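Chemist: following is a predicted model, sequence given first.
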Amino acid sequence: MRPHKNRGLGSGLNELTLSAAVGTKLHIEDEDAFHANFAQEMGVSVDMMRELKEVCSIASLRCHPEDQEPDPEVVPEDPTLKTLVERKKKQDYKSSLKISKNRHDLYADEQERLAVMMKPEAVENMVSEGDVILTMNVYYPATFEKFCYVRPHMTLLLMGSQRLTELRDAICCASDLQMCGEFSNAPDMAPDFVSKEHYKSAFFFFEGVFYNDMRYPECRDISQTTITWAKANNFPPYSQAKMEDTKLLDLQVKVGFPYLYCHQGDCEHVVIITDVRLTHKDDCLDRKFYPLLTHKHRIATQKCAVCYTFIARWCTTGDQFAPSHPCVFCDKCFRMLHYDADGNKLGDFQAYPYIDRGAFN
Amino acid sequence: MKTKSSRNQQVRSDCEELLARFQQTDSVRFEVFSQIWREMKFGHIFFGTAGREKRAFGRAALDVAAVYFLPPFSFQIRAGGLYLLHGLYHCQTASPRVPIRLALKDWEDVLAFEKDAVGAQHLDAVFLLRQLLLRKAFHFAAMPALLTFKRSKEEARSRLCKRFVARARGPQELVGRDAMEELSNIHHLYGKLKSSVFSEAQRERLGVALIRHNLPAQLRGHVVSFHGWQKRKQQEESDDEDEGDGEGTSSRAESSRRAQLLSSIKSKAYGQAAETCKSRRHRQVEVNAGEESGPALSKVRSKSSKVSLKARTTENVCIIGDMSKEAATSTRIHHLTALDRGGRQAQKDESAGE
Ligand SMILES: [Zn+2]
Ligand SMILES: [Zn+2]
């Protein structure tokens, strides 16, 4: 019943910081001091050091005359590098199609830029040196066929010192917002009934251990059924631990291996730790921005069957006004079509609140 | 995904072209490298990327290049790989710069490389490595690349350029000069001890060979023939590789083969002593074996005037290939024999299937 504590994720990397610092003795020097130390350590004369710096200067990499800086946004004329030849071909082809950059690409740039260079105002929010950053991909369940091919997911950056519950709270899934029940007689009641508030149990499964969210009194250990079943069927024994007690650093996991996140009883997400690394000066150094969302799959949203403009909020069945069965509507069209000015239900139908898969876009 | 892996393929072949040219110079000088870099206009490899592509391409290019900085490549290629990382890191157009990923398991190899470079006084290599560390150019990560299940197979099993791989020197290092000396001494004592048990007459009557005669010489012979076999093997392999490359490369390979042959003849003639005391300053453009081996040569000769087996083994056992100057002592031995045929065959099959 205890989380794995033997040789967690961070330990190897922490040793690395140490040897990186000791091995090169460079952790706080600036360039001048670096040059002086280098000359001294290697027994290099002043003249030779000057020559070395010149030979190794960035200018030695310049591939064009100093006064004729080409435009780095453009592939140079008559390239010889294979990469450039291909890039030119592709760009010529693309420009012949005249497609402008899509909105999502523009937005993605913005998100990436947000992720870097953020320094905290308060010192205590500063990410500590030697902490590790984990990159986690949380995949969406393959609930419809297309998802089997595109593997939609969100990517989160987390600090090793964070707990699994912080990861859980950062995972946005439409099923947490799902509202169960038929509300055709009282559509105004629906928004109060959000699944996340009602069904708080969830678990992560890493390397034979179920990490259950037990923060609230309503939480139940939903892994118990599986564990009991596994025991009865001669599977290797599984154990349980608490999500809120487990730091990511304490986990024993394989990088790149698929694990599981399960919530709302049966909404299952594959979770993959794609990277573990030491923090770097260009990372976002403010703790409070973690878990940091760096990628979110955008899904085409289901639009209202009447106006084709707004995202669907209601799903009806047995609906005499609807062109199909079932049918989705935005809130405004749904009410206009199904209720009179006083809010009385017209005709016969069942109405269910509908949360679009793209609700988090 | 397909475009991604083909892009990596192009970057890889550009990098290999640069490193192949560098390899032909038989130099580890950054000055030589940067000249080839400028000739190829390698810095322009980032031109024409915009927006997201800037970072994505920077990431891909550095990941491709980082491979050459690590074993099993020869010291010269690893130095070239380091220079390549230095060049790509500083010429990239993304801001802030995309860092170089260095995996936990590779860190020791980097330290060993640094030690080798310091030992051989390759100041430019040491300087540029430390400068990258100073400028925080590295991400110290658990794994060399991000791991997801959507990686295509060819990417995951990146093809090794056989020409760049350091030749195994295990046997040569094991049967070195000191070991040989030790062995012949022990063998001598052992023989004496054994023969003291019987008198000369007894031995003749029994007709038993008490010791293996000439053991050191035999051992030396084996190492020499291993070296020869290994060389032939590598030659064959690089021939195989060139065949598929189409036009243009074969003539270059030819000249490089001649250069390799020449330098191996030279280094054989002058022996290890010549190699180790060769001065290596950062400004020296190319290794001029003939001139520099002068003083070292006389050293070897004066030693050999002491006659004996010891001297002869000294002179003959120092089998030094053309890559000798690179294989400094602390480099780990990765392949004890020639390159694994099985893996190579699998790769061939794979490429044939494409
Ligand atoms: Zn879910
Ligand atoms: Zn509508």
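Modeler: Structure received. For clarity, every value in this text was computed on a predicted model and none was experimentally measured. Ligands and ions are numbered 1, 2, ... in the order given.

Chemist: show me the contacts for the closest residue in space to A:Asp340 that isn't next to it in sequence.
Modeler: Leaving aside its chain neighbours, A:Asp340 sits nearest to A:Leu346 (6.0 Å; criterion: CB to CB, 6 or more residues apart in numbering or on different chains). Where C-beta positions appear, they are placed from N, C-alpha and C, glycine not excepted. With contact set as CB atoms under 8 Å, 6 or more residues apart in numbering or on different chains, A:Leu346 has these partners: A:338-340.

Chemist: from ligand 2, how far out is A:Leu346?
Modeler: To ligand 2, A:Leu346 is 17 Å away according to CB to the ion, to the nearest Å.

Chemist: what do you get for A:Ile222?
Modeler: Counting by CB to the ion, the gap between A:Ile222 and ligand 2 amounts to 37 Å.

Chemist: excluding covalently adjacent residues, which one is nearest to that residue?
Modeler: Sequence neighbours aside, A:Ser201 is the residue nearest to A:Ile222 in space, at 4.6 Å (criterion: CB to CB, 6+ apart).

Chemist: now swap in A:His297 and tell me
Modeler: In space, A:His297 comes closest to A:Pro152 once its chain neighbours are excluded; the distance is 3.6 Å by CB to CB, 6+ apart.

Chemist: okay, now the one you found: neighbour count?
Modeler: A:Pro152 has 16 neighbouring residues, counting by other CB atoms under 10 Å in any protein chain shown.

Chemist: contact partners for it?
Modeler: A:139-140, A:297, A:299.

Chemist: closest to chain B among those?
Modeler: Checking the contacts of A:Pro152 against chain B by CB to the nearest CB gives A:Tyr139 as the nearest, at 9.6 Å.

Chemist: what ranges do the helices span in chain A?
Modeler: For chain A, the helices defined by DSSP state H cover A:11-24, A:31-42, A:46-55, A:82-97, A:103-115, A:147-150, A:164-170, A:174-177, A:195-198, A:224-232, A:331-338.

Chemist: compare those and say which comes out lowest on pLDDT.
Modeler: Lowest mean pLDDT within these: helix A:11-24, a mean of 44.

Chemist: tell me, how many residues neighbour the residue of the stretch 51-200 of chain A found nearest ligand 1?
Modeler: The minimum distance from the stretch 51-200 of chain A to ligand 1, using CB to the ion, falls at A:Cys173 (3.0 Å). The tally of other residues near A:Cys173 (other CB under 10 Å) stands at 22.

Chemist: look up how far ligand 1 lies from the nearest residue to it once chain neighbours are set aside.
Modeler: Among residues not flanking A:Cys173 along the chain, A:Cys267 sits closest, at 6.2 Å (CB to CB, 6+ apart). Plainly put, A:Cys267 is 3 Å away from ligand 1 if you go by CB to the ion.

Chemist: next one: B:Cys91
Modeler: Taking CB to the ion, one finds B:Cys91 at 43 Å from ligand 1.

Chemist: contacting residues for that residue?
Modeler: A:61, B:42-43, B:45-46.

Chemist: ok, those vs ligand 2, which is closest?
Modeler: Nearest to ligand 2 among these: B:Phe46, at 47.1 Å, using CB to the ion.

Chemist: for that closest one, which non-adjacent residue is closest in space?
Modeler: Once flanking residues are discounted, B:Phe46 sits nearest to B:Thr93: 4.8 Å by CB to CB, 6+ apart.

Chemist: can you classify that neighbour by secondary structure?
Modeler: At B:Thr93, secondary structure determined by DSSP: H, G, I helix; E, B strand; the rest coil is coil.

Chemist: mind giving me the domain ranges of chain A?
Modeler: For chain A, automatic domain parsing gives the domain ranges A:3-61, A:103-296, A:314-360.

Chemist: nearest to ligand 2: which residue in chain B?
Modeler: Closest point on chain B to ligand 2, by CB to the ion, is B:Arg52, at 33.7 Å.

Chemist: what number of residues lie near that residue?
Modeler: So B:Arg52, with other CB under 10 Å, has 15 neighbours.

Chemist: now do A:Phe235
Modeler: Neighbour tally, A:Phe235, other CB under 10 Å: 12.

Chemist: next one: the one 10 residues further on
Modeler: When neighbours are defined as other CB under 10 Å, A:Asp245 has 14 of them.

Chemist: pLDDT score for it?
Modeler: Confidence at A:Asp245, expressed as pLDDT, is 94.

Chemist: let me see the domain layout of chain B.
Modeler: Per the record, chain B has its domains at B:4-161, B:172-243, by automatic domain parsing.

Chemist: now distance to A:Tyr290 and mean pLDDT too, for the ones you listed, in CSV please.
Modeler: Converted to CSV, the domains of chain B look like this (distance: least, CB to CB, whole Å; pLDDT from 0 to 100):
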stretch, distance to A:Tyr290, mean pLDDT
domain B:4-161, 17, 88
domain B:172-243, 47, 77
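
Chemist: so which residue is dead centre in chain A?
Modeler: Geometric centre of chain A, nearest residue: A:Thr155, 1.9 Å, by CA atoms, centre = their mean.

Chemist: quick check, that one in contact with A:Leu292.
Modeler: No - using CB atoms under 8 Å, A:Thr155 makes no contact with A:Leu292, being 9.3 Å away.

Chemist: list the residues that contact both of the two?
Modeler: Common contact partners of A:Thr155 and A:Leu292 (CB under 8 Å, 6+ apart): none.

Chemist: on that earlier part again, farthest pair within the contacts of A:Pro152?
Modeler: With CB to CB as the measure, no two of the contacts of A:Pro152 lie farther apart than A:Tyr139 and A:Ile299, at 13.0 Å.

Chemist: what's whatever helix or strand B:Glu31 lives in in contact with?
Modeler: Per DSSP states H and E, B:Glu31 falls inside helix B:30-39. Helix B:30-39 has contacts (CB under 8 Å, 6+ apart) with A:55-56, A:60-63, B:18, B:21-22, B:25, B:42-43, B:79-80, B:83, B:87, B:124-125, B:128, B:282-283, B:285-286.

Chemist: PyMOL command to pick out the buried ones of these?
Modeler: Restricted to buried positions by 16 or more other CB atoms under 10 Å in any protein chain shown, the PyMOL selection for the contacts of helix B:30-39 reads:
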select buried, (chain A and resi 55+56+60+61+62+63) or (chain B and resi 18+21+22+25+42+43+79+80+83+87+124+125+128+282)
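
Chemist: if we can go back for a sec, just the buried residues of the contacts of A:Pro152.
Modeler: Buried members of the contacts of A:Pro152, scored by 16+ other CB under 10 Å, are A:139-140, A:297, A:299.

Chemist: in strands only, show me those residues.
Modeler: Using DSSP state E, the subset of the buried ones among the contacts of A:Pro152 located in strands is A:Tyr139.

Chemist: ok, so of the buried ones among the contacts of A:Pro152, who is nearest B:Gln235?
Modeler: Of all these, A:Tyr139 has the smallest distance to B:Gln235: 49.2 Å, by CB to CB.

Chemist: go ahead and confirm that closest one touches A:Arg151.
Modeler: Yes - with contacts counted by CB under 8 Å, A:Tyr139 reaches A:Arg151, the gap being 6.1 Å.

Chemist: overlap in contacts of these two?
Modeler: Residues touching both A:Tyr139 and A:Arg151 by CB under 8 Å, 6+ apart: none at all.

Chemist: if we can go back for a sec, what's near enough to touch the residue nearest to the centre of chain A?
Modeler: Contacts for A:Thr155 (CB under 8 Å, 6+ apart) come out as A:135-138, A:274, A:293-296.

Chemist: skipping its backbone neighbours, what lies nearest the residue of chain B found nearest chain A in space?
Modeler: Closest residue of chain B to chain A, CB to the nearest CB: B:Leu147 (2.7 Å). Distances taken as CB to CB, 6+ apart place A:Gly256 nearest to B:Leu147, at 2.7 Å, with adjacent residues excluded.
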